[in-house]
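Trainee: here are the coordinates; sequence isn't available:
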């Protein structure tokens, strides 16, 4: 199968603002990627020619931004809107093993919808986690270092080497991943056992460190997780923002890689999907 | 017709960086007696139902479905009849 055979849906609604870079990341790898408004999937207020079926796509990406102004809680309104109309097709989509990527606001949406961490099934009725206000109480916007800690369960990262560190920019005010206090220890254990932790924030020596290396105060430095089957991933930092080497902040200061650090995530998932089809 | 005054608070033990920051700013402004600030969200929701029990059931559902995340939030509310309705 060729990259152009892989159909990708970049979902948008009012307030998303990373959909163009996300679209371009896949497009530059030759995939058949399309920007789709939520209403095109639900069929509301759109022309027949604009209607789209979620099941026609192999990959769904929920990009970053400030969907619906981050009202109520970051991602909550968008999650509610998807839930109201697309709960069953999306559950089916995930059960079939198709790929879903949520970046930043998209991660918040996947958590609010109950698709992540997804320990007790594909989707939980109430959220099992939350991405809440950064410890600094500020919008943290700067490059962050992510250590790849997955054992190749996640289909978005299989091209990475274990322990590899990527520089990927963070830009969020609500990125602290919390689980219910009374169950947290058990959940961390489950996440480890199910190989669901994908990225952790580290310092320049690759060691786990606190603020500012960990921009939000997320316990255990967690920056990104996947579901137990590895086909749904959410991460706070933005891989689509470091696709080219010249979008790496140190590209004029000795950064030697021919490509940006974010590109490998898009390559990995595209390759995984191509192998399966 | 009823109005539900809903308050979404952070559970005990959940960090409240916004509250902490506000306290610090108040201290800088000279309000040295402020020992703690806790933030919460307030929603006033008008319901088109004459039945109080039904209104109460609706509000419970609303709080769980959207307004709160049980991982960090608690909710409380007061139901009052809408004047002139």
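Mentor: Thanks, I have it. Since the structure is predicted, the reported quantities are computational estimates derived from the model, not experimental observations.
Trainee: all strands for chain B, in order.
Mentor: B:2-10, B:40-47, B:73-81 (DSSP state E).
Trainee: from these, which stretch is densest packed?
Mentor: Highest mean neighbour count among those (mean count of other C-beta atoms under 10 Å in any protein chain shown): strand B:2-10, with a mean of 18. Just so you know, the C-beta spots here come from the backbone N, C-alpha and C atoms, and that holds for glycine as well.
Trainee: residues making contact with that strand?
Mentor: By C-beta atoms under 8 Å, 6 or more residues apart in numbering or on different chains, the residues outside strand B:2-10 that reach it are B:16, B:38-47, B:49, B:52, B:55, B:59, B:62-63, B:67-68, B:72-82.
Trainee: Quick one: mean pLDDT over that strand.
Mentor: Strand B:2-10 shows a mean pLDDT of 98.
Trainee: give me the number of residues near residue 36?
Mentor: Using chain A. The tally of other residues near residue A:36 (other C-beta atoms under 10 Å in any protein chain shown) stands at 19.
Trainee: that answer is for a different chain, and I need it for chain B
Mentor: Neighbour number of residue B:36 under other C-beta under 10 Å is 9.
Trainee: State the distance from the nearest residue to it once chain neighbours are set aside to residue A:12.
Mentor: Among residues not flanking residue B:36 along the chain, residue B:23 sits closest, at 6.3 Å (C-beta to C-beta, 6 or more residues apart in numbering or on different chains). From residue B:23 across to residue A:12, the span is 38 Å (C-beta to C-beta, to the nearest Å).
Trainee: pLDDT value on the residue in chain B that chain A sits nearest to, please?
Mentor: Scanning chain B for the residue nearest chain A gives residue B:17, at 3.5 Å (criterion: C-beta to the nearest C-beta). pLDDT for residue B:17: 94.
Trainee: again with the one 10 residues further on
Mentor: Per-residue confidence (pLDDT) for residue B:27: 96.
Trainee: Tell me which residues touch the residue lying closest to it once chain neighbours are set aside, please.
Mentor: Nearest residue to residue B:27, sequence neighbours excluded (C-beta to C-beta, 6+ apart): residue B:34, at 6.5 Å. Neighbour list for residue B:34: B:23, B:26, B:27 [criterion: C-beta under 8 Å, 6+ apart].
Trainee: Check residue A:99 too.
Mentor: A:58, A:59, A:60, A:155, A:156, A:231, A:232, A:269, A:272, A:273.
Trainee: Which single one of those is nearest to chain B?
Mentor: residue A:232 (18.4 Å).
Trainee: Got phi/psi on the closest one?
Mentor: Backbone dihedrals for residue A:232, given as degrees, to the nearest 10, come out at phi -120, psi 120.
Trainee: Skipping adjacent residues, who's closest to residue A:44 in space?
Mentor: Among residues not flanking residue A:44 along the chain, residue A:85 sits closest, at 7.9 Å (C-beta to C-beta, 6+ apart).
Trainee: I'm done for today, thanks for sticking with me.
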